[in-house]
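Participant: coords please:
(chains A, B, C, D, E and F)
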4 protein chains.
Amino acid sequence: MKLDKLNRIFNATLNLTGKVGIAGLKMSSIAKEASMATGTLYLYFKNKKELLNALYFKLQKESAPALISEINHLPIEIQLYKMWSLALKRLVENNLRIIFLEQFLISPYVSESSKEMDARFRNYLRDLLDKGKKENQIKDVDSNILISLIIGFLRNFSTYIFKDKEGELSEKSIDESFSLCWEAIKK
Amino acid sequence: MKLDKLNRIFNATLNLTGKVGIAGLKMSSIAKEASMATGTLYLYFKNKKELLNALYFKLQKESAPALISEINHLPIEIQLYKMWSLALKRLVENNLRIIFLEQFLISPYVSESSKEMDARFRNYLRDLLDKGKKENQIKDVDSNILISLIIGFLRNFSTYIFKDKEGELSEKSIDESFSLCWEAIKK
Amino acid sequence: MKLDKLNRIFNATLNLTGKVGIAGLKMSSIAKEASMATGTLYLYFKNKKELLNALYFKLQKESAPALISEINHLPIEIQLYKMWSLALKRLVENNLRIIFLEQFLISPYVSESSKEMDARFRNYLRDLLDKGKKENQIKDVDSNILISLIIGFLRNFSTYIFKDKEGELSEKSIDESFSLCWEAIKK
Amino acid sequence: MKLDKLNRIFNATLNLTGKVGIAGLKMSSIAKEASMATGTLYLYFKNKKELLNALYFKLQKESAPALISEINHLPIEIQLYKMWSLALKRLVENNLRIIFLEQFLISPYVSESSKEMDARFRNYLRDLLDKGKKENQIKDVDSNILISLIIGFLRNFSTYIFKDKEGELSEKSIDESFSLCWEAIKK
DNA sequence: GATGAATGAGGATTCATTCAT
DNA sequence: CATGAATGAATCCTCATTCAT
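Facilitator: Numbers count the residues shown, from 1 in each chain, chains lettered A, B, ... in the order given. Just a heads-up that it's a prediction; the model follows:
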């Protein structure tokens, strides 16, 4: 019913963004990909801009927080490892989301309210790293650099797995990549 | 004259892509940003698709190779450091280029010939890392992971500097970020 | 419904060609003359070229053959007379079609397949005249000359009736013009 | 010099009209065909409309009147024969002119003054036929019909010679065609 | 005079949005 | 609710015209 249709619309939009980018998204293509009539899209969203913004918020909501709440009570290296492992898996699974999120933020469709960045995940990491510095486990280096290392590495590696390995992410890959990350940032 | 105009067109396109994304690019805006008439664009390019592809090729040609030829005779850690420093500076300076390159590759404007990715830079790194492994300086880890760490970190950190630090990249930032990277990948 | 709209488009195009020629045809004028939105034209035809070619084929199909099949069993003079009378009436009624057909064939819109001329009517006449020569009724003169006389006279006279007589074609005109034609070609 | 350039422009325009019709005429193509710069056209004509109208007047001036003045003192059948022969030769030689004249008259470029048709030739013929009727040589039939026969036959036959016989017009063709015409209209 | 690069108004085409069914 | 044909504003692109050289 209603929820099913919403999901079909969101999935169609994600898939198409992965193929043709935001510049190539047409309402008619989205409808076709979601197996419904173009007009139906307008029963669920006032216009294209709102559809895209709704998807953006949905993706934001689903990503970081879930991740965070699952692990924020563990010791730092473990917590980082869990975070790394979970994030990597999620990013590989959901690589289309990343493409959408990144393109969306510089498209003419961003509503003002969307601009409050994916700061949440960065903030979680910042807190975690500061705690780690106090406990003498993490290098005493500007947290922004550390965050860039972690997030940049995660994103780039996940895209590589998604594109070149067809999404096959082995435990060994997770461990090896985390080791590299950890050795870089640990004291 | 001719070259000057081409550059004005390319710069205008880059600037606008940074502001509105490929989805928001209009030929009329590009012309306005480049201080010329819309029709003039069509003296230089057959249509929008060809303009964007021409820019893509230009950016590809200018990026990696220059970087590589300047340093590929030095010892590995030094070479990596030079590469890091140069790449970081260039990425910060040219952050708009990255945005364009990334968006372009999943836009409806990519011509078939454009799809041969920016493999060059990855290849240079792969060679360098393999050499490093033989000389026992680099961890014996799948090069794809190492490459993701380096490139992902570089891109994410450069974007952070460009956006949040207004492009002010200190030597200290370069050194600190490289240290993190080096400690991660060195044996 | 669908057929009705196609006809409205075709009629609008014919009328406008009569007024402003193919050089003056605008998609927006055609739409206006056909009482629909410009975009609607593109639901039925990919572009201007295809619209004009479709009209050309339709007109070709409708013209000569119908004429021929109605009469090709009668004796020659009668057949020629019927042909003359029918053709003249049809040409007067459909003078706009002639204008369109003639202009179209040297416009930039002709698709390759359209170039196979209106040979059909000429061929019918050639057969008829050859039969007439065998039966000793028609002068033993190169058929191409006879055909030019018949077709040229028909076209020029019909245009005169259409333009200067507002399409009022009397039986007397038909008979008189046919007599002239018959006296010219009969043995 | 000046005259030479004007002629190059007029010839270029005629040739191109034969190829692409008035709908396909571009000022830039005319200039190219005439081996000069686009801007040069505007030294000789204020704009496209005036160029086309100038050509129209030139062609009108050159056709009928010359013809008429050469022969208007001879007896009727001879005069008609001369007219026929001269007109046919001229029409074959100058078939491109006919195409231009016919297309031009329903293009958006006709200036008001151009609309006073090629009435001159029709008028000359009308006078001639009326004289012939008085002298009992020509059938007592509405002159408009006779004129249509003559002009329609001339045009259609000349186009046939131009297109299918590559402009090779034999004396025999002239005589045979005139005989047909004469037998049709003589008493 | 001659040139042809540059201009921008105007026409072709696309596609977000509506609305009768 | 769902549909998809119809709409027309917005965008791409062309080409008559201008003007600096």
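
Participant: which ones are touching the closest residue to A:Ala37 other than its chain neighbours?
Facilitator: With C-beta to C-beta, 6 or more residues apart in numbering or on different chains as the criterion, A:Ala37 has its nearest non-adjacent residue at 6.0 Å, and that residue is A:Ala31. Every residue, glycine included, has its C-beta placed from N, CA and C. Residues near A:Ala31 by C-beta atoms under 8 Å, 6 or more residues apart in numbering or on different chains: A:12, A:37-38, A:40-41.

Participant: cool, A:Val110 as well?
Facilitator: Counted by C-beta under 8 Å, 6+ apart, A:Val110 has contacts A:53, A:56, A:104.

Participant: go again with 10 Å.
Facilitator: A:49, A:52-53, A:56, A:104, B:20-21, B:24 (C-beta atoms under 10 Å, 6 or more residues apart in numbering or on different chains).

Participant: SS state for it?
Facilitator: Classification of A:Val110 using DSSP: H, G, I helix; E, B strand; the rest coil returns coil.

Participant: could you point out which element follows the helix or strand bottoming out on mean pLDDT in chain A?
Facilitator: Least confident element among the helices and strands of chain A, by mean pLDDT, DSSP states H and E: helix A:64-71 (a mean of 62). Per DSSP states H and E, helix A:64-71 leads on to helix A:76-93 as the next helix or strand towards the C-terminus.

Participant: would you confirm that A:Arg8 contacts A:Glu33?
Facilitator: Yes. When contacts are counted by C-beta atoms under 10 Å, A:Arg8 is listed as touching A:Glu33 (8.5 Å).

Participant: surely A:Arg97 and A:Arg155 touch.
Facilitator: No. Contact criterion C-beta under 10 Å: A:Arg97 and A:Arg155 do not qualify, at 11.4 Å.

Participant: before we move on, back to that, turn the contacts of A:Ala31 into CSV, columns for pLDDT.
Facilitator: Shown next, in CSV, are the contacts of A:Ala31 (pLDDT from 0 to 100):
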residue, pLDDT
A:Ala12, 93
A:Ala37, 94
A:Thr38, 94
A:Thr40, 94
A:Leu41, 94
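
Participant: can you flag the buried ones in these?
Facilitator: For these, a burial check counting by 16 or more other C-beta atoms under 10 Å in any protein chain shown picks out A:12, A:41.

Participant: which of the contacts of A:Ala31 come close to DNA strand E?
Facilitator: Among these, the residues within reach of DNA strand E (C-beta under 7 Å from any atom of the strand) are A:Thr38.

Participant: show me the contacts of A:Ala31 that map onto helices.
Facilitator: A:12, A:38, A:40-41 (DSSP state H).

Participant: so is stretch A:21-40 next to DNA strand F?
Facilitator: Yes. Using C-beta under 7 Å from any atom of the strand, stretch A:21-40 comes into contact with DNA strand F via A:36-40.

Participant: of those, closest to chain B?
Facilitator: A:Thr38 (18.6 Å; C-beta to the nearest C-beta).

Participant: against DNA strand F, how distant is the most centrally placed residue in chain A?
Facilitator: Central residue of chain A (C-alpha atoms, centre = their mean): A:Ile98, 5.0 Å from the mean position. According to C-beta to the nearest atom of the strand, to the nearest Å, A:Ile98 and DNA strand F sit 26 Å apart.

Participant: wait, doesn't that residue sit right on A:Leu91?
Facilitator: Yes. Counting by C-beta under 10 Å, A:Leu91 is a contact partner of A:Ile98 at 6.5 Å.

Participant: overlap in contacts of those two?
Facilitator: With C-beta under 10 Å, 6+ apart, A:Ile98 and A:Leu91 have common neighbours A:63, A:154-155, A:158-159, A:162.

Participant: give me the element the residue of chain A found nearest chain C is part of.
Facilitator: Distances between chain A and chain C by C-beta to the nearest C-beta are smallest at A:Ser28, namely 12.4 Å. If you go by DSSP H and E, A:Ser28 is part of helix A:27-33.
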